[in-house]
Every structure is written in structure tokens, then in C-alpha cells.
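# Predicted model and sequence below, questions to follow.
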Amino acid sequence: MDETAMTTATAQMMKTATDVIPVGWHDVVLGANISADEQVVLFFFYTAANDPTRYLRGISLPWDYGGDKKLFDAAMAKLREQALALQKQVVAAGDPAFHELVLHAVYQAEMKTTLGYVDWAAANFSPDDQMMYFQATYLGTAFSGWGANHKLKKMTKLASKGAGEQ
């Protein structure tokens, strides 16, 4: 896919996410997992005021900050549509379909885009496993216990076989 088109599409997605954050943000990490059956989009952020090692969950914005839940739900639906549309544009351009999209924006810095090609559901990893991998890989969350660490190692090995970064 053309780099300009990718940059435009991902910037629009990040704008959709940051528009619903009712406080000044410093760092936002948006993740989309796209499979044949579903599109899941989530984001985490931190503000200059909170601990930069502890991201806040975007999903809790309406409750934590008293935002309009209908506007938030509409933004999340729009993000799912944007992620699916981007995947279709990538395929239409002759590139392989990605299953994971991660956007990382730091205030007043260039956004980083990572595409992953592992279909986690088809590889028999649960939504909880996928969330754990996302948090460990992109947010730096540490997980303890042999089971979690073993699963993360398997997922990291699988992801290293099919990830791309722009």
C-alpha cells in the first residue's frame, strides 16, 4: 500500500481515538485485531499528570471522566470500521492482509505503525491471551507466573515470524 495512503488512514484512526479523550494526553497506543469473524479495537493512554508507566484504559473513559457514552461507542464503532477499511485497502493494493494493527502516538512526535500478520484466534489464542500479549508487548506490562510467561514466549515467537513495522 502506498505510504501516503497508509499514513493518512492511520492518522485518521488516531484522531478518532484522541478526539474522545477529554483530557490532555501525552502517549496513546491503539490496537486493532482484525479477523474474519470480528474486529476488536482498543486503546490505552496516559496524560502528563499520571504515572507514565501506567496506561489508562480508553474503554473506561465514559466512567472515569464522565464522557458521553454514546459518543464514545460511536467512536469505537468508527475505529472498527476504519481498521477494517484499512485492511481492505492494503489487500486491494496487493499486499497481504494484516490481522493486527498497532498505532503508537507520543504527543508532538511521529506516530509509529506496526502491522502483525498472525491470526491469533486461528492460532488458538483466546481474547485474554491476545490482551496479555498486547499489554506486554506494547505497554510494557509485566506478567508473572510460569503459565503467562510461557504463553507470551509462544506468542512472541509466532509474531516474530510475521510482523512488519513502518
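Nice, I can see it.
# is it true that Phe44 lies in a helix?
No - using DSSP: H, G, I helix; E, B strand; the rest coil, the assignment for Phe44 is strand, not a helix.
# Count the neighbours of the spatially closest residue to it that is not a sequence neighbour for me.
Among residues not flanking Phe44 along the chain, Tyr55 sits closest, at 3.7 Å (C-beta to C-beta, 6 or more residues apart in numbering). In short, each C-beta sits where N, CA and C put it, glycine included. Look at Tyr55: counted by other C-beta atoms under 10 Å, it has 20 neighbours.
# check contacts around Tyr55.
Asp27, Val29, Phe44, Phe45, Tyr46, Leu139 (C-beta atoms under 8 Å, 6 or more residues apart in numbering).
# Thought Ser160 was touching Ile118, still the case?
For the record, residue 118 is Val, not Ile. No - contact criterion C-beta atoms under 8 Å: Val118 and Ser160 do not qualify, at 9.6 Å.
# ok, these two, which is more surrounded?
Set Val118 next to Ser160 and count neighbours by other C-beta under 10 Å: Val118 wins out with 21 against 9.
# That concludes my questions; thank you for your assistance.
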